[in-house]
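Enquirer: quick one, structure for this:
(one chain, ligands or ions: 1)
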Amino acid sequence: MSAAQAPTAVVTGGASGIGRAIAQRLTADGLNVAVLDLSPSEEGFGLTVDVAERAQVDKAMDAVRERFGPVGVLVNAAGKDGFTRFADLSFTDWQRVVDINLNGVFHCVQSALPDMVHARWGRIINISSSSTHSGQPFMAHYVAAKSAVNGLTKSLALELGPKGITVNAIPPGFIDTPMLRTAEREQQLGGTIEDHIARTPVRRVGRPEDIAATCSFLVSEEAGYITGQIIGVNGGRNT
Ligand code: NAP
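Expert: Predicted coordinates for the structure are as follows:
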């Protein structure tokens, strides 16, 4: 099987920002796209799902199979950041951030995987974070979870490669989305977006479409020899 024969993609977090641009791009590429998100989606076949809740994820994957057939592509873009001094970080907040950013990936991959194994073809793309390259003060929970996603990506690539499934991560850096704008408004960026642009080698903020284009390539047949990679899309920051 190839993407051309089984073009069903699930994009988590596809109602906003990066996930939304990915859902739009994969739709334009000719895939059937389902979006799993807490918020309602304007893109594709939208399902209201908390990715941290396995029963909700399994139910949504079944609904996608019923609508479009087996899942061949999974993009894990749902995420939640957080800014708290580590000494003040409650275990509840730690756990919620880990639940969404890491355990959500576990649930979605395990839930979609049987279709890819059966087809002997699949593409899994995990959206992690460029903060994993450098660390980030006040984001210990988020960076820990996203770093684990990078490790999970590498391990799954080794395990699933022989089954025809590639697994890669894209750690975005500084992409203009509602998440970034909220962080700027709440003065969590250590300066304005303009200040950061001046420190970014390519001198612009990233666009969700930059991540979507990389994702589109990783889904393509041409990217079949690329797996286990952490492919930074960050304008030269944090490389
Ligand atoms: P965004 O605009 O806030 O979009 C994230 C989407 O994920 C939202 O629709 C959000 O819904 C959804 N979501 C959150 N928790 C969820 C859950 N438990 N179950 C299902 N959906 C959930 O953020 P973004 O900037 O596009 O971020 C996309 C991904 O890129 C995230 O994983 C983020 O960590 C990562 N990232 C972004 C940047 C950046 O510069 N923007 C940098 C590094 C990494 P609600 O709005 O209802 O919560």
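
Enquirer: separation between L36 and I125?
Expert: Computed as Cβ to Cβ, to the nearest Å, the L36 to I125 distance reads 14 Å. Glycine gets a C-beta too; all of them are placed from N, C-alpha and C.

Enquirer: same question, R54
Expert: R54 is 21 Å from I125, by Cβ to Cβ.

Enquirer: got the residues of the protein near the ligand?
Expert: 12-13, 15-19, 37-39, 49-52, 77-81, 100, 104, 127, 129-130, 172, 174-175, 177-180 (Cβ under 6 Å from any ligand atom).

Enquirer: what's the PyMOL line that selects buried ones from those?
Expert: Applying 16 or more other Cβ atoms under 10 Å to the residues of the chain next to the ligand, the buried members can be selected in PyMOL as follows:
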select buried, resi 12+13+15+16+17+18+19+37+38+49+50+51+52+77+78+79+80+81+100+104+127+129+130+172+174+175+177+179+180
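
Enquirer: mind listing which of the residues of the chain next to the ligand are in strands?
Expert: T12, D37, I127 (DSSP state E).

Enquirer: find the nearest non-adjacent residue to the second one, please.
Expert: With Cβ to Cβ, 6 or more residues apart in numbering as the criterion, D37 has its nearest non-adjacent residue at 3.8 Å, and that residue is A15.

Enquirer: list the contacts for the one you found?
Expert: V35, D37, L38, S39, P40, S41, E42, E43, G46 (Cβ atoms under 8 Å, 6 or more residues apart in numbering).

Enquirer: so what's the residue count around the fifth one?
Expert: It stands for P40. 10 (other Cβ atoms under 10 Å).

Enquirer: excluding its backbone neighbours, what's nearest A148?
Expert: Nearest one to A148, counting by Cβ to Cβ, 6+ apart, is L102 at 4.9 Å.

Enquirer: what do you get for V35?
Expert: Spatially, and ignoring its direct neighbours in sequence, V35 is nearest to G14 (3.3 Å; Cβ to Cβ, 6+ apart).

Enquirer: residues in contact with the one you found?
Expert: By Cβ under 8 Å, 6+ apart, the neighbours of G14 are 20, 22-23, 33, 35-37, 41, 43-44, 46, 75, 77.

Enquirer: can you tell me the average pLDDT over the longest helix seen in the chain?
Expert: Counting residues, the longest helix in the chain under DSSP state H turns out to be helix 140-160. What helix 140-160 shows for mean pLDDT is 98.

Enquirer: list the contacts of that helix.
Expert: Under Cβ under 8 Å, 6+ apart, the answer for helix 140-160 is 76, 79-82, 84, 86, 89, 93-94, 97-98, 100-102, 105-106, 109, 113, 116-117, 122, 124, 126, 128-129, 131-132, 135-136, 166-169, 171, 227-230.
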